[in-house]
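Asker: coords below, sequence missing:
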């Protein structure tokens, strides 16, 4: 991956990691991706949320209010939760517009070199986690869900 979408994703994930540390967490999860989207501007996911009427300041406060500090890891590393890993996987499935079986086949055949996932695909991956409180806030407060965002591109 190269270019603008990769740079956006990199900035979002790094900002999410930075905020996880700031809020005393030893893991990176969905909420940190959302905080990264809010703070790593400009990015397409942030623009989509704004276009759909999301108040990013309110969303940020809702997320922060639900964060619970965790014990630091002995090695000092920040780990990805399974949910965070699943979001990244979903992001690539959405970017490629394929299912998991087809993704595995393309990976085996080394056919993904020129495919790029952007921050908008990360947002779709987040919105697939529709039982998460932050995702529910997006849906209930602003009517933002997977199908509505997917319909924008």
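Answerer: Okay, I see it. Small disclaimer: the values here were computed from a predicted structure and weren't measured. Residues are numbered from 1 along each chain as shown.

Asker: for the chain, name the helix or strand with the lowest mean pLDDT.
Answerer: Every helix and strand in the chain was compared by mean pLDDT, DSSP states H and E; the lowest is helix 100-108, with a mean of 75.

Asker: which secondary structure elements does it contact?
Answerer: Applying 3 or more CB pairs under 8 Å, 6 or more residues apart in numbering; DSSP states H and E, one finds that helix 100-108 contacts helix 82-96. For glycine as for every other residue, the C-beta is placed from the backbone atoms N, C-alpha and C.

Asker: would you mark the buried spots in the helix it packs on?
Answerer: Residues of helix 82-96 classed as buried: 83, 84, 87, 88, 90, 91, 92, 93, 94, 95, 96 (neighbour count, 16 or more other CB atoms under 10 Å).

Asker: same question for stretch 45-65.
Answerer: Quick answer for stretch 45-65 (16+ other CB under 10 Å): 45, 46, 48, 49, 54, 56, 59, 62, 63.

Asker: report the next helix or strand after the longest helix seen in the chain in sequence order.
Answerer: Under DSSP state H, the helix in the chain containing the largest number of residues is helix 4-22. Counting by DSSP states H and E, the element after helix 4-22 in chain order, helix or strand, is strand 27-28.

Asker: give me the mean pLDDT for that next one.
Answerer: Across strand 27-28, pLDDT averages out at 93.

Asker: strand partners (parallel or antiparallel) of that strand?
Answerer: Sheet pairing of strand 27-28 (DSSP bridges) gives strand 79-80 (parallel).

Asker: the partner strand - what's its average pLDDT?
Answerer: Taken as a whole, strand 79-80 has an average pLDDT of 90.

Asker: contacting residues around that strand?
Answerer: Strand 79-80 is contacted from outside by 26, 27, 28, 29, 73, 88, using CB atoms under 8 Å, 6 or more residues apart in numbering.

Asker: let's go with 10 Å and repeat that
Answerer: Residues from elsewhere that reach strand 79-80 (CB atoms under 10 Å, 6 or more residues apart in numbering): 13, 17, 20, 26-29, 32, 73, 85-88.

Asker: hang on, the earlier thing: got the buried residues for the longest helix of the chain?
Answerer: 5, 8, 9, 11, 12, 13, 15, 16, 17, 18, 19, 20.

Asker: run through the residues that contact the fifth one.
Answerer: For residue 12, the contacting residues are 32-41, 43, 45-46, 119, 122-123, taking CB under 10 Å, 6+ apart as the criterion.

Asker: no more questions from me, cheers.
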